[in-house]
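In: Here you go, sequence then predicted model.
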Amino acid sequence: MDDQQTRARQFRALHLPGEPLILVNAWDALSARIVAAAGARAVATTSAGVAWSRGAPDGDALARDTAVDVIRRVADAVPVPVTADIESGYGDSPAEVAETIAAVLAAGAVGVNVEDSRHDGGGPLRPVDEQVGRLAAVRAAADRAGIPLYVNARVDTYLRGAGGVPETVARAEAYLAAGADGIFVPGTVEPETVAALAAAIPAPLNVLAGPGAPPIGELARLGVARVSIGPAVAEAAYAVAQRAATEVLGAGTYGALDGGLDFDALNELMRS
């Protein structure tokens, strides 16, 4: 537990506005080791990549035990702190979300993302008071375990078209009061909006970046404390699989396979 507490404190200290923590999200042990070997200071999982690789769609469809097994394998694979994307908590009630947190901590993670979207047909976002109760359960479960878990509360107002800066800030403030440590706002990288969010939210701001987003340096100047790539790397990897399959089964050639990582190098990475 002491090592996990150390990693948790290290991870917490990496969230600095203007000097963002960069998270290239992984979905299995090998992708996590590749990211760590590239110099990452921490590794994050992507719930979408994890779900796809385990035979499920993203959106609270994956079984908790399956997700936790992947988190454990990732945490065991790398020497840096690991934060886990746990969708909306893999549970219908705050008590079930607390059970998820206990399992995620036992798996070795020191951070979690918890989103306020709902996927049960009840609307695009959970009511604020409902999400506050779920986040309070997350905080209480971490406190019981004695681990200073970094709770990154995801606010999906922009992702779901459910509000702008005022609505996002209001949700952020409620989530922080419930025990969140940082706020994740995917769905916008427009510089003026990002700057307004960074200035108004009294906690480290996380944004989702990728093709078309401002460079990391510009996001840093806007006051961002954490930049996630989300499922983009997994999407790119599966695009290679699609191109290769189409080419080999169609033209019978292999050009899409050029530039692949060396077999022995990958094997050695998993031995180390």
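Out: Received, thanks.

In: show me where pLDDT drops low in this structure?
Out: 1, 121 (pLDDT under 70).

In: Now do the helices in it.
Out: Using DSSP state H, the helices found in the chain span residues 2-13, 29-37, 47-53, 64-77, 94-106, 128-145, 165-177, 191-200, 216-221, 232-250, 263-271.

In: Nearest the geometric middle of this structure, what residue?
Out: residue 85 (4.1 Å; CA atoms, centre = their mean).

In: Show the contacting residues for that residue.
Out: Contact analysis of residue 85 by CB atoms under 8 Å, 6 or more residues apart in numbering lists 25, 44, 45, 46, 47, 50, 112, 113. (C-beta placed from N, C-alpha, C; glycine too.)

In: can you check residue 202 too?
Out: 173, 176.

In: Return the distance of it relative to residue 134.
Out: 21 Å (CB to CB, to the nearest Å).

In: next one: residue 44
Out: Residue 44 is 20 Å from residue 134, by CB to CB.

In: The two - which one has more neighbours?
Out: residue 44 (29 against 24; other CB atoms under 10 Å).

In: Closest to residue 251 out of the contacts of residue 85?
Out: residue 46 (31.9 Å; CB to CB).

In: isn't that closest one right up against residue 25?
Out: Yes. Using CB atoms under 8 Å, residue 46 is in contact with residue 25, at 3.7 Å.

In: Next, show the common contact partners of the two.
Out: 85, 230, 231, 233, 234.

In: could you dump the residues you listed to JSON lines with distance to residue 18?
Out: Below are these laid out as JSON lines (distance: CB to CB, whole Å):
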{"residue": "85", "distance to residue 18": "24"}
{"residue": "230", "distance to residue 18": "22"}
{"residue": "231", "distance to residue 18": "26"}
{"residue": "233", "distance to residue 18": "25"}
{"residue": "234", "distance to residue 18": "29"}
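
In: ranking those residues by neighbours, who comes first?
Out: Among the shared contacts of residue 46 and residue 25, residue 85 has the most neighbours (other CB under 10 Å), with 30 neighbours.

In: how close does it get to residue 218?
Out: For residue 85 relative to residue 218 (CB to CB), the value is 25 Å.

In: now do residue 131
Out: 30 Å.

In: Looking at the two, which one has more neighbours?
Out: Ranked by neighbour count (other CB under 10 Å), residue 131 and residue 218 place residue 131 first, with 27 against 13.

In: quick one: terminal-to-terminal distance for stretch 178-185?
Out: 17 Å (CA to CA, to the nearest Å).

In: So what's the gap between it and the chain middle?
Out: 13 Å (CA atoms, centre = their mean, to the nearest Å).

In: Need the residues that contact it.
Out: 12, 15, 113, 131-133, 135-136, 138-140, 150-155, 157-158, 168, 172, 175-176, 197, 201, 203-208, 225-226, 228.

In: and those residues, which are buried?
Out: 12, 15, 113, 131-132, 135-136, 138-139, 150-155, 157-158, 168, 172, 175-176, 197, 201, 203-208, 225-226, 228 (16 or more other CB atoms under 10 Å).

In: circling back to that earlier point, identify the farthest-apart pair in the shared contacts of residue 46 and residue 25.
Out: 85 and 233, at 13.2 Å, using CB to CB across the shared contacts of residue 46 and residue 25.

In: shared neighbours of those two, which are they?
Out: 25, 46.

In: Could you report the distance from residue 69 to residue 53?
Out: As for residue 69, its distance to residue 53 is 12 Å (criterion: CB to CB).

In: repeat for residue 22
Out: 22 Å.

In: Same question for residue 72.
Out: 15 Å.
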